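> Predicted model follows, preceded by the sequence.
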2 protein chains.
Amino acid sequence: MRFTREDIDAGEIARRAALYGPLTEAVRELVDATIRTEVDDATIRDVAAIVRAATLRLRERQIDGAFGVRFTDHGTAMPWGNAVIGLRNALAPPLTIERNTDGLHWSEFTLGAAYEGPPGHVHGGVCALVLDQLCGVTAASNDKPNFTGTLALRYRRGTPLGPLRAEACVDRVEGVKTFVVGMLSDAGGVTVEAEGVFVTPAWARD
Amino acid sequence: MRFTREDIDAGEIARRAALYGPLTEAVRELVDATIRTEVDDATIRDVAAIVRAATLRLRERQIDGAFGVRFTDHGTAMPWGNAVIGLRNALAPPLTIERNTDGLHWSEFTLGAAYEGPPGHVHGGVCALVLDQLCGVTAASNDKPNFTGTLALRYRRGTPLGPLRAEACVDRVEGVKTFVVGMLSDAGGVTVEAEGVFVTPAWARD
């Protein structure tokens, strides 16, 4: 488990975000178009060849393995490879998580074709993915790393693809365990409820 | 909730799989390279422009909205937009799910940089995503559609990125509810346990 540090300032973070963000967004759009396209076979093959060539250019210099979670020397986290919030991860919607002074955490986001399970609806596992991330961030609001211990999801109805909102707050803390409740909703109300227990790992305890 | 049908045979399905599969795989590789690349800024911007142009070509003709779940007139499902098993979805690892005569369902697959949560480890929510899909397919082995009612996950330890195996079986059936147990494991044993209750929707009941 490796957390890496770099001596960079806010300006450098902003520069990198402005460089990698648009590439990632372009790849997200490509993922969507790959699912929905109805162009002719020759164009499909042509685009596949173009994408392979572009990938080779990116791979000319790359890190071994996954991105990890990087921090600046000032403690700013750059979880840019993260599957839900990662600025460089085209799988991530990505979620931007906000919080108010009462400890409520929330995010408003839109899920399209790439997140489908039942026709026209968000995959039940994607609902879990989003709520796990949000509940985990909420549990970590004490600034300690934590890992999901248990996560229980109750699906009240299907979650339609489109604009959604997720929110979560800490229910209680018992020793190294933080209990978080969360929910996912569309304009018509709650679709999925979540209860998560997050555990501070031994190496990060006081 | 729309399930569409098409009058196509196995040969046509194979033809489409051979056309769209390589494009999707190329996009999956691009997602991975986008996270891991360390090439210079000019190349990043250049590749972003190439990807945007490729996307425009695919979007010249595309379906409205998401892919849905399509069936042939012979009842073969083509859940090609699905976030976990979709042949046309670059977010999907994708999982290929097998089953034996005892009703055990399993899948062996590899998760790389795009599925990261904690450094070097699979995102807890991605574990949930994979297990939801596998448990759902297992519950549907009676050939009826079903939706996740509840899903409970217990994380025994971190799941390292790399080769993994998931398996699930039906524990019991009570009326319209099917209870499924599943697990995710690496070479060292079980990392996540799941229990899901899946419900047959009213329109698909006898």
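Nice, thanks for sending it over.

> my guess is A:Tyr115 contacts A:Leu161, does it?
Yes - the pair A:Tyr115 and A:Leu161 qualifies as a contact (C-beta atoms under 8 Å) at a distance of 6.7 Å. C-beta coordinates here come from the backbone N, C-alpha and C atoms, glycine included.

> what do the two both touch?
A:Val122 (C-beta atoms under 8 Å, 6 or more residues apart in numbering or on different chains).

> More neighbours: the two, which one.
A count of neighbours by other C-beta atoms under 10 Å in any protein chain shown puts A:Tyr115 above the other of A:Tyr115 and A:Leu161, at 27 against 24.

> Now do the contacts for that one.
Each residue near A:Tyr115 by C-beta under 8 Å, 6+ apart is listed here: A:Pro93, A:Val122, A:His123, A:Val126, A:Leu161, B:Ala83, B:Leu91.

> pretty sure A:Val84 is in contact with B:Gly125, am I right?
Yes - with contacts counted by C-beta under 8 Å, A:Val84 reaches B:Gly125, the gap being 6.4 Å.

> Can you say which helix or strand has the residue located most distally from the centre of chain A in it?
Distance from the C-alpha centroid of chain A, by C-alpha atoms, centre = their mean, peaks at A:Ala42 (34.4 Å). The secondary structure element spanning A:Ala42 is helix A:41-59 (assigned by DSSP states H and E).

> quick one: that helix to helix B:41-59, angle?
Here helix A:41-59 runs at 160 degrees with respect to helix B:41-59, directions being taken by axes from the mean of the first three to the mean of the last three C-alpha atoms, to 10 degrees.

> Of all pairs in the contacts of A:Tyr115, which one is the farthest apart?
A:Leu161 and B:Leu91 (13.4 Å; C-beta to C-beta).

> quick one, domains of chain A?
A:1-94, A:95-204 (automatic domain parsing).

> now these in JSON lines, with mean pLDDT?
As requested, those are arranged in JSON lines below (pLDDT from 0 to 100):
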{"stretch": "domain A:1-94", "mean pLDDT": "92"}
{"stretch": "domain A:95-204", "mean pLDDT": "94"}
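
> the longest strand in chain A is where?
strand A:162-174 (DSSP state E).

> what separates the helix or strand just after that strand from the chain centre, distance-wise?
Past strand A:162-174, further along toward the C-terminus, the next helix or strand under DSSP H and E is strand A:177-186. Chain-centre distance of strand A:177-186: 15 Å, with C-alpha atoms, centre = their mean, to the nearest Å.

> Name the strands paired with strand A:177-186 and say parallel or antiparallel.
On the basis of DSSP bridges, the sheet neighbours of strand A:177-186 come out as strand A:162-174 (antiparallel), strand A:189-199 (antiparallel).

> Output the longest one as PDB, restricted to C-alpha atoms.
Read it as strand A:162-174. Output for strand A:162-174, consisting of C-alpha atoms alone and laid out as PDB, is shown next (Å, rounded to 0.1, in the frame of the first residue of the first chain):
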ATOM      1  CA  GLY A 162     -29.600  10.900 -16.000                       C
ATOM      2  CA  PRO A 163     -29.000  13.500 -13.300                       C
ATOM      3  CA  LEU A 164     -28.700  12.100  -9.800                       C
ATOM      4  CA  ARG A 165     -27.700  13.200  -6.300                       C
ATOM      5  CA  ALA A 166     -26.000  11.200  -3.600                       C
ATOM      6  CA  GLU A 167     -25.500  12.200   0.000                       C
ATOM      7  CA  ALA A 168     -24.100  10.800   3.100                       C
ATOM      8  CA  CYS A 169     -23.300  11.600   6.800                       C
ATOM      9  CA  VAL A 170     -21.600  10.000   9.700                       C
ATOM     10  CA  ASP A 171     -24.200   8.300  11.900                       C
ATOM     11  CA  ARG A 172     -21.800   7.500  14.800                       C
ATOM     12  CA  VAL A 173     -18.200   6.600  15.600                       C
ATOM     13  CA  GLU A 174     -17.300   3.600  17.800                       C
END
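
> How far does that strand sit from its chain's centre?
Computed by C-alpha atoms, centre = their mean, the separation of strand A:162-174 from the middle of its chain amounts to 14 Å.

> and that strand, which residues are buried?
The neighbour-count check on strand A:162-174 (16 or more other C-beta atoms under 10 Å in any protein chain shown) flags A:Leu164, A:Ala166, A:Glu167, A:Ala168, A:Cys169, A:Val170 as buried.

> All the strands of chain A, in order from the start?
Secondary structure of chain A by DSSP E: the strands cover A:3-6, A:69-72, A:77-78, A:98-99, A:105-111, A:147-155, A:162-174, A:177-186, A:189-199.

> For those, give me JSON lines that also has distance to B:Ala17.
Compiled in JSON lines, the strands of chain A are given as follows (distance: least, C-beta to C-beta, whole Å):
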{"stretch": "strand A:3-6", "distance to B:Ala17": "40"}
{"stretch": "strand A:69-72", "distance to B:Ala17": "37"}
{"stretch": "strand A:77-78", "distance to B:Ala17": "38"}
{"stretch": "strand A:98-99", "distance to B:Ala17": "42"}
{"stretch": "strand A:105-111", "distance to B:Ala17": "26"}
{"stretch": "strand A:147-155", "distance to B:Ala17": "31"}
{"stretch": "strand A:162-174", "distance to B:Ala17": "29"}
{"stretch": "strand A:177-186", "distance to B:Ala17": "33"}
{"stretch": "strand A:189-199", "distance to B:Ala17": "32"}
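
> Appreciated, that's everything.
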